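1. predicted model follows, preceded by the sequence.
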Amino acid sequence: MYITFKVIKNILCHWVLHIALVAKAQLPDPALVGYWHNWNDVNAPYIQLDQIDPRYNVIAISFAVPQSGTGYKMEFIPDQVSPATLISQIQNLQGQGKKVFISMGGAASPVSLDNIAARDTFITTMGDILDTYGFDGIDIDFEGSSVSVTGGTIASPVDTKIINLIYAVKQIMSNYYSSHQKKLLLTMAPETAFVQGGMDTFGGIWGAYLPVIDALRDSLTLLQVQLYNSGSMQGIDGNYYSQGTADFIIAMTEAVIHGFNTAGGYFYGLPESRVAVGLPACLNAAGGGYTDTATVKAAMEYLRGTGQQPGSYFLANTGGYPAIGGLMTWSVNWDATMNCGSIYQYAESFENIFDGTSAVLPIENTNHSAITIYPDPATDYITISLPNQAAIAFEVLNSIGIVVLSRAETKVHTISVSDLPAGLYIVKAGNRATKFIKY
């Protein structure tokens, strides 16, 4: 097959537009992620889910937890309203273009995937929760003993809990895609010890999330490390920075974008658009790490390349990271109370930082005539589909227009791409074309 330079140029232009649309189709841009308590706290009372401040465009419901007596059989029980009411409230938010996640675990509910039976039960029960409530995504908030490292490397973990977690999340996402014909979004909210702590030590909880992040990076929508309850941590410059400061926010955030060395191998950073800054909503929302709004604003402006250096940390990337994914907070409930400052102080700070550009998504387009590829980027396989369309032949072309894979007429097909070199590829189906990235 011969493709002219003009055709390739047009397809490349289409790629740029496609990439921008896909990024915005996954999460609001920028995202304001708020964890929402599924319980009543006298200091941070229960709020009706659909009455949250509208500036929060991503809501993580806390938590799906293991049933009593297990560490793996997951359940989610609405605390203050009926399941039907909560489902209606979730749909109300989704109708406004917001995304609603179910967060798994939490500080008080360890999840333990010690064996295959536990792993498979975890997969089944989380799938049931997703199907029942119609969540847009899952959030991994495993803490304490849920994830730990005893050996291996970031790229080749050996610990059963980590291996089973990676497998389980991939399977949950695959099952969801098969059932719903759309991607299940994925976020993670580890503590700093589990991520940046790997620079100091790769063992126990230190760096324990790094193999999980690395293995799931193709599917990860947003990493939002908890920059609180942390103590001092090392930056990529070798210096240590204290929580609650602009330097801490900047150093910890750049580390996960830039990447860093560990005793378990190099952790390759994530695109800035997949990284959010996670902070407590106010002083009383966490044991430590609260940062006042002026300091947060100064840190974010420097991170985004629009402000002056506010402390001693120098960005390795002097231009900053203007496409950073947004902010996350624990929690919406704390932000809504007068017990720690003005109501919705964190949401207002977000609005000030991003100059009022916080946005929800438009209601999803129901025209499914375009090619869908999942996952993108990919490492091992892609699933290509044309929902609601007749079967059609597919061709996969490399960046110079050579056909490297083809399939006869089919509506949905999973193709191994593990043998393809890393790079950009074109998928053609009839008169339609789209791209995917092979890592």
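-> Noted; the coordinates are in hand.

2. first-to-last residue distance for stretch 202-211?
-> 11 Å (CA to CA, to the nearest Å).

3. buried stuff in that stretch?
-> Buried residues in stretch 202-211, counting neighbours by 16 or more other CB atoms under 10 Å, are found at 202, 203, 205, 206, 207, 208, 209, 210, 211. Glycine gets a C-beta too; all of them are placed from N, C-alpha and C.

4. ok, now which ones touch the fifth one?
-> Counting by CB atoms under 8 Å, 6 or more residues apart in numbering, residue 207 touches 149, 154, 194, 195, 197, 198, 199, 201, 262, 264, 267.

5. state the number of residues packed around residue 379.
-> Under the neighbour criterion other CB atoms under 10 Å, residue 379 is assigned a count of 15.

6. grab the nearest non-local neighbour of it.
-> Setting aside the residues directly before and after it, residue 379 is nearest to residue 439 in space (CB to CB, 6 or more residues apart in numbering), at 5.0 Å.

7. does that neighbour touch residue 376 like I think?
-> No: distance between residue 439 and residue 376: 10.3 Å, which falls outside the contact criterion (CB atoms under 8 Å).

8. comparing the two, which shows the higher neighbour count?
-> Higher neighbour count among residue 439 and residue 376: residue 376, with 19 against 13, using other CB under 10 Å.

9. who's in contact with the more buried one?
-> Going by CB under 8 Å, 6+ apart, residue 376 touches 22, 218, 382, 436, 437.

10. show me what counts as buried in the strand or helix carrying the third one.
-> Mapping residue 382 onto the secondary structure by DSSP states H and E places it in strand 381-385. When neighbours are counted by 16+ other CB under 10 Å, the buried residues of strand 381-385 are found to be 382, 383, 384, 385.

11. show the model's pLDDT score for the second one.
-> At residue 383, the model reports a pLDDT of 78.

12. number of nearby residues for residue 50?
-> Neighbour count for residue 50, taken as other CB under 10 Å: 17.

13. am I right that it is in a helix?
-> Yes: when DSSP: H, G, I helix; E, B strand; the rest coil is applied, residue 50 is found to be in a helix.

14. wait, isn't it in contact with residue 94?
-> No: taking CB under 8 Å as the contact criterion, residue 50 and residue 94 are not neighbours in contact, 10.2 Å apart.

15. what pairs with residue 378 across the strands?
-> Residue 378 has the following beta-bridge partners by DSSP bridges: residue 438.

16. I'd like the distance between it and residue 427.
-> Applying CB to CB, to the nearest Å, one obtains 11 Å for the distance of residue 378 from residue 427.

17. now for these two: what residues contact both?
-> Counting by CB under 8 Å, 6+ apart, the common neighbours of residue 378 and residue 427 are residue 436.

18. got the buried residues of stretch 202-211 as a markdown table, with distance to residue 281 columns?
-> A markdown table is the format used below for those (distance: CB to CB, whole Å):
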| residue | distance to residue 281 |
| --- | --- |
| 202 | 32 |
| 203 | 32 |
| 205 | 25 |
| 206 | 27 |
| 207 | 28 |
| 208 | 26 |
| 209 | 23 |
| 210 | 27 |
| 211 | 30 |
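
19. all set now, cheers.
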